[in-house]
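**Student:** what follows is a predicted protein model with its sequence.
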Amino acid sequence: MLDQNPRNNHPLNQNLLNQALESGHALWLEYDDLHYVRFVDNYHGICRGTAVFDDLVVYGYPSIGRVLSLQSGLSSQFQAPFWMEEKVDGFNVRIFKLNNRILALSRGGFICPFTTDRITDFIDAGVFEHQPSSVLCGEVVGPDNPYMDGEVPYIKEDIQFFVFDIGAINETRLAAYSEKAALIDQYQLPSVPRFGRFEMKDLSQIRDILLQLNEDYREGVIFKEDSRRDHRAKYTTANINIADIQSGANTMFDLPPEYFINRLARLALFMDDHDIANTQALQQQLGNAYMEGLLFAVRQLHAHHKVFRTFRCRFHERENAVKLLARLNEAGNHVQITMHDLSLDSSGYWLLEFDKVFAKSSGTLSSSLKGSLLFD
């Protein structure tokens with residue numbers, strides 16, 4: 001089992017913390033009465049998103065590399081059998097208990113008012129009575145979230161939460177796969193779909209699972225080596241790339257070119273991996289993804305003089321919705337937040353509706369429609 005003593009040895013000492021703060025690799029943040037430090041990027045072996053609360057540390061979730069060619073990727077990356085589970089399409093959070101409060105950290109290390117408000121809808125808080133230092137690493141998925149646009153086929157409204165790893169306060173390592181599975185089953189935690197343990201000889205079965213995920217427009221899988229080194233790799237389906245391109249096209253000028261280039265490469269390599277024909281229907285689907293997204297943005301400009309996306313999400317406490325809006329406004333990044341409504345709905349939740357206005361796409365398209373000269 002993971003060590004449940006929250007003050008065991010860990011690699012982050014006070015000198016390293018001071019150096020990170022002095023150099024700008026870590027910053028002080030405030031949430032209600034909590035003052036904590038967030039690592040804004042990777043620094044001397046400490047992951048971006050690591051959060052420090054006095055002498056308690058919730059380490060950032062490590063980045064997982066991607067393989068683009070299945071057979072060669074698996075054979076070169078894994079030295080032992082590996083577990084395979086679904087990579088669900090949402091946003092990454094870490095759930096933990098601090099001073100009798102259950103909190104949720106975003107991938108970047110911010111306390112998320114939205115997930116913190118809603119998390120006990122999806123997990124039994126009693127898990128932290130028996131496992132007080134556990135950190136539940138999971139994905140929040142669904143259309144009614146404040147961060148991600150786009151649909152997932154298996155959740156039509158609101159959100160759900162899925163655990164994919166379990167860590168511990170003051171520990172960088174994650175629980176072994178069998179230990180994680182036992183804790184998920186023991187505490188009836190919602191889990192990402194787990195497909196089982198595989199070897200290279202099972203490649204045909206792995207392909208069948210991936211082709212079904214592709215047909216269902218699900219994002220892909222994570223492979224996790226069944227060994228002490230716990231090596232990992234992710235692999236995405238073809239159709240999710242087309243869905244991402246359509247979602248990104250209407251804010252094209254706010255995204256780097258690599259967003260589209262990488263997804264085109266993943267699409268082509270998945271097709272090559274699985275002998276998917278480059279049919280006229282697929283080409284039309286890809287072309288439509290680009291044009292529908294971009295034309296949607298142009299029509300928004302004509303009708304509303306801005307490119308925007310509307311978000312809606314539910315809260316138990318009104319103050320958490322207000323905190324979220326403040327957090328989103330602080331984040332900036334050329335995105336403006338405009339609130340539409342915050343009111344109680346028929347189910348007793350506070351329903352927040354707001355727009356994210358994308359300044360670069362709005363400005364570029366607006367100038368073009370007004371007849372400005374474009375030099376390229």
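**Tutor:** It's in. Numbering: from 1, shown residues only.

**Student:** residue contacts, the most centrally placed residue in the chain?
**Tutor:** Central residue of the chain (C-alpha atoms, centre = their mean): F91, 2.5 Å from the mean position. By C-beta atoms under 8 Å, 6 or more residues apart in numbering, the contact set of F91 is S106, R107, E139, V140, N145, Y147, M148. C-beta: built from backbone N, CA, C; applies to glycine.

**Student:** for those, work out which two are farthest apart.
**Tutor:** Distance extremes for the contacts of F91: the farthest pair is R107 and N145 at 13.5 Å, using C-beta to C-beta.

**Student:** more neighbours, the two?
**Tutor:** Set R107 next to N145 and count neighbours by other C-beta atoms under 10 Å: N145 wins out with 20 against 17.

**Student:** got a pLDDT number for that one?
**Tutor:** At N145, the pLDDT value in this model is 95.

**Student:** same thing with I209?
**Tutor:** For I209, the predicted pLDDT is 98.

**Student:** ok, now how distant is F223 from V58?
**Tutor:** According to C-beta to C-beta, to the nearest Å, F223 stands 25 Å off from V58.

**Student:** picking up where we left off before, tell me the one among the contacts of F91 nearest to S72.
**Tutor:** E139 (27.6 Å).

**Student:** all helices for the stretch 151-300 of the chain, in order.
**Tutor:** 177-186, 203-215, 238-249, 257-273, 280-304 (DSSP state H, counting those that start in this stretch).

**Student:** now the last one: mean pLDDT?
**Tutor:** The pLDDT scores in helix 280-304 average 94.

**Student:** show me the domain layout of this protein.
**Tutor:** 63-236, 239-287, 308-369 (automatic domain parsing).

**Student:** closest to C47 out of those?
**Tutor:** domain 63-236 (7.9 Å).

**Student:** first-to-last residue distance for that closest one?
**Tutor:** 15 Å (C-alpha to C-alpha, to the nearest Å).

**Student:** do stretch 127-142 as well
**Tutor:** 24 Å.

**Student:** what residues sit buried inside it?
**Tutor:** 127-128, 131, 133-142 (16 or more other C-beta atoms under 10 Å).

**Student:** got the contact list for stretch 296-310?
**Tutor:** Contacts for stretch 296-310 (C-beta under 8 Å, 6+ apart): 149, 249-252, 338, 340, 353-358, 361-362, 365-366, 369.

**Student:** give me the buried subset of those residues.
**Tutor:** A249, N250, T251, M252, F354, D355, K356, V357, F358, S361, S362, L365.

**Student:** of the residues you listed, which belong to strands?
**Tutor:** Counting by DSSP state E, these place F354, D355, K356, V357, F358 in strands.

**Student:** give the contact list for the first one.
**Tutor:** To tie it back to what came earlier, the one meant is F354. Applying C-beta under 8 Å, 6+ apart, we find F354 in contact with P146, T310, F311, R312, L325, L328, I337, T338, M339, H340.

**Student:** what's the spacing between the fourth one and E85?
**Tutor:** Distance, R312 to E85, using C-beta to C-beta: 29 Å.

**Student:** so between the two, which is more surrounded?
**Tutor:** Legend: neighbour count by other C-beta under 10 Å for R312 and E85, higher for E85 (20 against 17).

**Student:** find the residue closest to that one in space, skipping its chain neighbours.
**Tutor:** R194 (4.6 Å; C-beta to C-beta, 6 or more residues apart in numbering).

**Student:** who's in contact with that neighbour?
**Tutor:** W83, M84, E85, E86, A181.

**Student:** in strands only, show me those.
**Tutor:** W83, M84, E85, E86.

**Student:** show me which of those is closest to A175.
**Tutor:** In terms of C-beta to C-beta, no member of the ones in strands among the contacts of R194 lies closer to A175 than W83, at 12.4 Å.

**Student:** any stretches of the stretch 201-350 of the chain with poor pLDDT?
**Tutor:** Filtered on pLDDT under 70, the stretch 201-350 of the chain yields the residue ranges 332.

**Student:** which residues touch the residue lying closest to Y187 once chain neighbours are set aside?
**Tutor:** The shortest distance from Y187 to any non-neighbouring residue, by C-beta to C-beta, 6+ apart, is to V127 (4.3 Å). Applying C-beta under 8 Å, 6+ apart, we find V127 in contact with S134, L136, L183, Y187, L189.

**Student:** could you measure from V52 over to W28?
**Tutor:** Taking C-beta to C-beta, one finds V52 at 10 Å from W28.

**Student:** check S343 too.
**Tutor:** According to C-beta to C-beta, S343 and W28 sit 34 Å apart.

**Student:** could you do F311 as well?
**Tutor:** 28 Å.

**Student:** more crowded one of those two?
**Tutor:** The neighbour comparison of F311 against W28 (other C-beta under 10 Å) goes to F311, with 20 against 10.

**Student:** that one contacts P146, correct?
**Tutor:** Yes - assessed by C-beta atoms under 8 Å, F311 is found in contact with P146 at 5.3 Å.

**Student:** give me the mean pLDDT for stretch 154-172.
**Tutor:** 95.

**Student:** what's the offset of it from the middle of its chain?
**Tutor:** 10 Å (C-alpha atoms, centre = their mean, to the nearest Å).

**Student:** biggest separation within the contacts of R194, which pair?
**Tutor:** Maximum distance among the contacts of R194 (C-beta to C-beta): 14.2 Å, for E86 and A181.

**Student:** helix, strand or coil for L136?
**Tutor:** The local conformation at L136, judged by DSSP: H, G, I helix; E, B strand; the rest coil, is strand.

**Student:** that one bridge partners, please.
**Tutor:** I95, I166 (DSSP bridges).

**Student:** so it touches Y187, yeah?
**Tutor:** No - in this structure, L136 is not within contact of Y187 by C-beta under 8 Å, at 9.5 Å.

**Student:** what touches both of these two?
**Tutor:** Contacts common to L136 and Y187, judged by C-beta under 8 Å, 6+ apart, are I123, V127.
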